[in-house]
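In: just need the structure, nothing else, for what follows:
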Amino acid sequence: MLELHQIFHSAKQHGQYIRLYEEISPSSSTQGLIPWLLLNYKISFISDQKKDLYYPIGFNLITGQILTHFDTVLTQVQLTPKIPDYHFTLRPIYSLSSATQHIEQHLRSFLAEQDQSWADEANQRLDEEIELMKSFFDSTSEEDMLLLEKKREEIDRYRPKIEVSPINVGIIYLQTKLTETSSKHDSMKQT
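Out: Numbering: from 1, shown residues only. Just a heads-up that it's a prediction; the model follows:
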């Protein structure tokens, strides 16, 4: 997985980094806004077929809470690029590096929980294709063996793998208390 500084560098370079604040009506008291690290990932399950999942994660930089449906949570609040009057941002307890480690651990756990039958089925299809190709070649000819090996290498490029890539990243400052649990993975969106 990419290191956080690489994610931020790429996101800033490509305009995919945001910093937003919850829009709050002015009050007589000064209030702190809680920093959340927002990471939107694309998880690709790749073999001879491909399936992409959109996977948004929010990480509370004060408490360490992880929300996997953070985009849905953000639709419930008004956001602005300007910090509201009479408000300030709280200093994070978790560093961005530490937050990234927690998110990576969460992603690994999430991926380990996924049904792996797609990979087994893909491997079986590829193995069957290799066996079919073998039947077309004379196994005694060195030229045929080289060609078969080349074809096998081409097929092996389609062996199952999972790629996780960040789409965008941001820091979102919220006053609203978020209590949803991070154990629900049903908020993922397929693309």
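
In: against residue 103, how distant is residue 134?
Out: Residue 134 sits 44 Å away from residue 103 when distances are taken as Cβ to Cβ, to the nearest Å. Every C-beta, even on glycine, is put in place using the N, C-alpha and C of the backbone.

In: of these two, which one has the most company?
Out: Residue environment comparison for residue 134 versus residue 103 gives the larger neighbour count to residue 103, 19 against 13, counting by other Cβ atoms under 10 Å.

In: buried residues in stretch 32-47?
Out: Counting neighbours by 16 or more other Cβ atoms under 10 Å, one finds that the buried residues in stretch 32-47 are 33-41, 43, 45-47.

In: can I get that stretch as CSV, trimmed to CA atoms?
Out: Once side chains and other backbone atoms are set aside, the C-alpha atoms of stretch 32-47 remain, and they are given as CSV (Å, rounded to 0.1, in the frame of the first residue of the first chain):
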residue,chain,number,x,y,z
GLY,A,32,-13.5,23.2,18.6
LEU,A,33,-13.9,21.2,15.4
ILE,A,34,-12.7,17.6,15.3
PRO,A,35,-10.3,16.6,12.5
TRP,A,36,-11.2,13.5,10.4
LEU,A,37,-8.9,12.0,7.8
LEU,A,38,-11.0,11.1,4.7
LEU,A,39,-9.6,8.5,2.3
ASN,A,40,-11.6,7.3,-0.6
TYR,A,41,-10.2,4.1,-2.0
LYS,A,42,-10.9,2.0,-5.1
ILE,A,43,-10.5,-1.7,-4.4
SER,A,44,-10.1,-3.7,-7.6
PHE,A,45,-10.5,-7.5,-7.6
ILE,A,46,-8.6,-8.4,-10.8
SER,A,47,-8.2,-11.6,-12.7
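
In: okay, buried residues for stretch 57-77 please.
Out: Taking 16+ other Cβ under 10 Å as the criterion, stretch 57-77 shows 57-61, 65-71, 73-74, 77 as buried.

In: scratch that, stretch 134-150 is what I was asking about
Out: Of the residues in stretch 134-150, those scored as buried under the neighbour-count criterion (16+ other Cβ under 10 Å) are residue 148.

In: kindly check the end-to-end length of that stretch for me.
Out: With Cα to Cα, to the nearest Å as the measure, the ends of stretch 134-150 fall 12 Å from one another.

In: and the contacts of that stretch?
Out: Among residues not part of stretch 134-150, those counted as contacts by Cβ atoms under 8 Å, 6 or more residues apart in numbering are residue 133.

In: what mean pLDDT does that stretch get?
Out: Here stretch 134-150 scores 76 as its mean pLDDT.

In: just to revisit the earlier point, looking at the buried residues of stretch 57-77, spot the one nearest residue 29.
Out: Proximity to residue 29 was ranked across the buried residues of stretch 57-77 by Cβ to Cβ; first place goes to residue 77, at 19.3 Å.
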